[in-house]
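J.: with the sequence up front, the predicted model follows.
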Amino acid sequence: MANRLLVLLTVLGLIGGTAAAQDARSVLQAAAKNMGADTLKCITYSGAGYVGIVGQGFGTSEDWARVELASYSRSINFDARSSREEQVRRQGNFPRRGGGGIPLEGEQRQLLMVLDKYAWNMQGTTGNPAPAAAEQRQLEIWLTPHGFLKGAMAASNPILLSRFEAGQRVNMVSFMVGKYRVNGSIDQENLVTRVQTFIATPFLGDTLHEQIYSVYKDFGGAKFPTNWHFHTNWDNEARKQNANSGHHVFQLNVSNVQPNVCGDALTIPEAVQKATIPPIRVESQKLADGVYYLTGGSHHSVAVEFRDFVALVEAPLNEQRSIAVIEDVKRLFPTKPLRYLVNTHHHFDHSGGLRTYVHEGVTIITHRTNEDFYEQHVLSLAPRTVEPDRLSLYPPDETAELYFFETVDNDRYTLSDGTRNLELYHVQGNPHADGMLMGYLPKEKLLIEADLFTPPAPNAPPAATPSAAAMSLFNNVQRLKLDVAQIAPIHGRVVPWTDFLKIVGKQQGSNQQ
């Protein structure tokens, strides 16, 4: 009897699951027919708006740095799983501060491609491989309104829910795209109004990516939103949440839509087919006794040996980079513990590896403006479901002191063992990031800085006008009367101070006036 009951419950469960899937498909089919997705193989749309640069806001409580989209167009072929996206960016009237290349001088054209598992960027006639971008670019196809419908209808088991949004009851359909759960809202007019998922960022973990679609119009039988807004996490002011300092990522005012206009079929360049994500590499360059420049990638660190410990400047990118750097520090200084990590500023690419050092028990030195944000959000022990890291998988026990912070509260902080000093200074008046720190080794006359000055390629002509960030670096060195012989930037290569003076149009000795 018990076995019969078990069989009956199993059958009923299967019937219920099938019915729910069928209900989801009915909802999707009605929306697809209404929006023209059922006859759509590809689509091209265009317009203008703005783009926010995720992780590059000026302060931890500010929105992302933003630039104008002078023009935007995208062609998606759903059957081929391909996308061709063209952006023309310019600074526009947005504030000239924050990271991500701001301020933009003139117009910058970007041409971004993805075809199945291959991604590349076009520069002229050359296709530059971008293998690390392929997964997210492919995901973005299925976050578009028609892409969502097609992806959900092709899914093996879409889930249907019902809820209130913006004062009306909507159907929410959920399905999986690889490791990502994608949720979409379909309103009473059978229009897709919202699509969301969570992606992993090393800095914040599971990060909401949400697209809001409104003001639909009919373009040759395909209904398409003319107002397209994309944000990460929630608007702090509207919802009083501060899980993320930034919010607005993309606003497109759609002016033209061409259904079943696919553009030229994409051909994967040979170099792109052969490209793979390069392994993490750490190369050590000795700058002075006990001082090493740890390079080998796009972002560097500087290791400084003290009598009883080692300090490191910068934890860029992600956990994988941090693990590799930590191993190299252990190789260079096998008898001394890594005790301090200096964080120059809060931008994602310069702080993405912080959590790894916290897991190692390293004390973080950062500007006071970052401490609360780091403690509450960046170093949270909340589960990371998309890409777990060491701190989330193996948290300390409840009796352990989790965060070790030293903060630069005023203008200056000195890390010393009585024989060597590492001086840290707040870079005042810089346009790149609030709470920016630079390091200085007075004995070695070595300046360590991030993003304020990146040396041009050897023999390359300098820019006609030095950047505001570079000038802020010069002005702070002058203000502090630092005697600098070399700069070790977090990007680029070590250069003499005299080279920097030429670029900012100053004479030798200016830093000592």
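T.: Yep, that arrived. Residues are numbered from 1 along each chain as shown.

J.: where does the closest residue in space to Tyr292 that isn't next to it in sequence sit, in terms of helix or strand?
T.: Using CB to CB, 6 or more residues apart in numbering and skipping residues adjacent in sequence, the residue nearest Tyr292 is Ala303, 4.5 Å away. Quick note: C-beta positions are derived from backbone N, CA and C, even for glycine. Using DSSP states H and E, Ala303 sits in strand 301-305.

J.: distance of Glu375 from Gly59?
T.: 16 Å (CB to CB, to the nearest Å).

J.: the protein: helices as residue ranges?
T.: Here the chain has its helices, by DSSP state H, at 2-35, 134-141, 145-154, 236-239, 270-274, 319-332, 348-351, 354-359, 368-373, 390-393, 468-480, 497-503.

J.: name the residues of the last one that come out as buried.
T.: Taking 16 or more other CB atoms under 10 Å as the basis for neighbour counts, the residues of helix 497-503 that come out buried are Trp497, Phe500, Leu501, Ile503.

J.: just checking, Asp206 touches Arg384?
T.: Yes - the pair formed by Asp206 and Arg384 meets the contact definition of CB atoms under 8 Å, at 5.9 Å.

J.: and Pro456, how many neighbours does it have?
T.: Counted with other CB atoms under 10 Å, the neighbours of Pro456 add up to 14.

J.: for it, which residues are in contact?
T.: Neighbour list for Pro456: Pro462, Ala463, Ile503 [criterion: CB atoms under 8 Å, 6 or more residues apart in numbering].

J.: got these as JSON lines, with distance to Ala65 and pLDDT columns?
T.: As requested, the contacts of Pro456 are arranged in JSON lines below (distance: CB to CB, whole Å; pLDDT from 0 to 100):
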{"residue": "Pro462", "distance to Ala65": "24", "pLDDT": "77"}
{"residue": "Ala463", "distance to Ala65": "20", "pLDDT": "80"}
{"residue": "Ile503", "distance to Ala65": "23", "pLDDT": "92"}
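
J.: any stretches of the stretch 201-350 of the chain with poor pLDDT?
T.: For the stretch 201-350 of the chain, the stretches with pLDDT under 70 are 234-245.

J.: quick one: the strands in it?
T.: According to DSSP state E, counting those that start in this stretch, the stretch 201-350 of the chain carries its strands in the segments 205-219, 222-232, 248-259, 283-288, 291-295, 301-305, 310-313, 338-342.

J.: could I get those as TSV with distance to Glu371 and mean neighbour count?
T.: Below are the strands of the stretch 201-350 of the chain laid out as TSV (distance: least, CB to CB, whole Å; neighbours: other CB atoms under 10 Å):
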stretch	distance to Glu371	mean neighbour count
strand 205-219	19	18
strand 222-232	22	21
strand 248-259	25	18
strand 283-288	30	14
strand 291-295	25	21
strand 301-305	21	24
strand 310-313	18	23
strand 338-342	14	22
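
J.: ok so, going back, what sits in contact with each of Asp206 and Arg384?
T.: Ala200.

J.: my guess is the residue nearest to Tyr292 contacts Thr295. True?
T.: No - under the criterion of CB under 8 Å, Ala303 makes no contact with Thr295, lying 11.4 Å away.

J.: now the strands of the stretch 201-350 of the chain in CSV, with distance to Arg181?
T.: Shown next, in CSV, are the strands of the stretch 201-350 of the chain (distance: least, CB to CB, whole Å):
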stretch, distance to Arg181
strand 205-219, 10
strand 222-232, 16
strand 248-259, 19
strand 283-288, 39
strand 291-295, 37
strand 301-305, 35
strand 310-313, 37
strand 338-342, 34
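
J.: so which of these gets nearest Pro455?
T.: Among the strands of the stretch 201-350 of the chain, the nearest to Pro455 by CB to CB is strand 291-295 (13.0 Å).

J.: output the contacting helices and strands for that closest one.
T.: Here strand 291-295 touches strand 283-288, strand 301-305, helix 319-332, going by 3 or more CB pairs under 8 Å, 6 or more residues apart in numbering; DSSP states H and E.

J.: on that earlier part again, for the contacts of Pro456, which one is nearest Asn233?
T.: Ala463 (35.4 Å).

J.: let me see the contact set for that closest one.
T.: Counting by CB under 8 Å, 6+ apart, Ala463 touches Pro456, Ile503.

J.: tabulate the helices and strands packed on strand 291-295 in JSON lines, adding columns for distance to His248.
T.: Converted to JSON lines, the helices and strands packed on strand 291-295 look like this (distance: least, CB to CB, whole Å):
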{"stretch": "strand 283-288", "distance to His248": "38"}
{"stretch": "strand 301-305", "distance to His248": "32"}
{"stretch": "helix 319-332", "distance to His248": "27"}
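
J.: Ala65: which of those is closest?
T.: When the helices and strands packed on strand 291-295 are ranked by proximity to Ala65 (CB to CB), helix 319-332 comes first, at 22.9 Å.

J.: tell me what angle that closest one forms with strand 291-295.
T.: Relative orientation of helix 319-332 and strand 291-295, computed by axes from the mean of the first three to the mean of the last three CA atoms, to 10 degrees: 150 degrees.

J.: and helix 319-332, what does it pack against?
T.: strand 291-295, strand 301-305, strand 310-313, strand 338-342, helix 354-359.

J.: identify each buried residue in stretch 340-350, please.
T.: For stretch 340-350, the neighbour count (16+ other CB under 10 Å) marks Tyr340, Leu341, Val342, Asn343, Thr344, His345, His346, His347, Phe348, Asp349, His350 as buried.

J.: I'd like to know which of the residues you listed is nearest to Leu161.
T.: Closest to Leu161, out of all of the buried residues of stretch 340-350 and judged by CB to CB, is Phe348, at 32.2 Å.

J.: show me what contacts the closest residue in space to the closest one that isn't next to it in sequence?
T.: Spatially, and ignoring its direct neighbours in sequence, Phe348 is nearest to Gly55 (2.9 Å; CB to CB, 6+ apart). Gly55 sits next to Trp64, Gly99, Gly100, Thr201, Phe203, Gly246, His347, Phe348, Asp349 when contact means CB under 8 Å, 6+ apart.

J.: beta partners of Pro259?
T.: On the basis of DSSP bridges, Pro259 is bridged to Ile43.

J.: which regions of the chain sit below the pLDDT cut-off?
T.: For the chain, applying pLDDT under 70 flags the ranges 1-22, 234-245, 398-402, 507-513.

J.: show me it divided up by domain.
T.: Per automatic domain parsing, the domain ranges recorded for the chain read 27-270, 283-512.

J.: quick check: end-to-end length of the first one?
T.: End-to-end span of domain 27-270 (CA to CA, to the nearest Å): 42 Å.

J.: ok, now stretch 362-376?
T.: Note: stretch 362-376 ends 18 Å apart using CA to CA.

J.: now stretch 336-344
T.: Span of stretch 336-344 from end to end, CA to CA: 23 Å.

J.: could we number from 567 for the rest of this?
T.: New numbering, starting at 567: the last item is stretch 902-910.

J.: hmm, who's touching it?
T.: For stretch 902-910, contacts defined as CB under 8 Å, 6+ apart pick out 871-872, 874-881, 892, 895-896, 916-917, 920, 923, 926, 928-932, 936, 972, 981, 988, 990, 1002-1005, 1015-1017, 1056.

J.: run a quick neighbour tally on Glu673.
T.: Neighbours of Glu673 (other CB under 10 Å): 12.

J.: so who does the nearest residue to it once chain neighbours are set aside touch?
T.: Distances taken as CB to CB, 6+ apart put Arg656 closest to Glu673, at 4.8 Å, once the chain neighbours are dropped. For Arg656, the contacting residues are Val633, Glu634, Ala636, Leu670, Gly672, Glu673, Gln674, by CB under 8 Å, 6+ apart.

J.: and if you look at Asn687?
T.: Gln676, Leu677, Leu678, Met679, Gly693, Asn694, Ala696.

J.: just the buried residues of the residues you listed.
T.: Buried residues within these, defined by neighbour count using 16+ other CB under 10 Å: Leu678, Met679, Gly693, Ala696.

J.: report the two of these separated the most.
T.: Of all pairs in the buried ones among the contacts of Asn687, the most separated under CB to CB is Leu678 and Gly693 at 11.0 Å.
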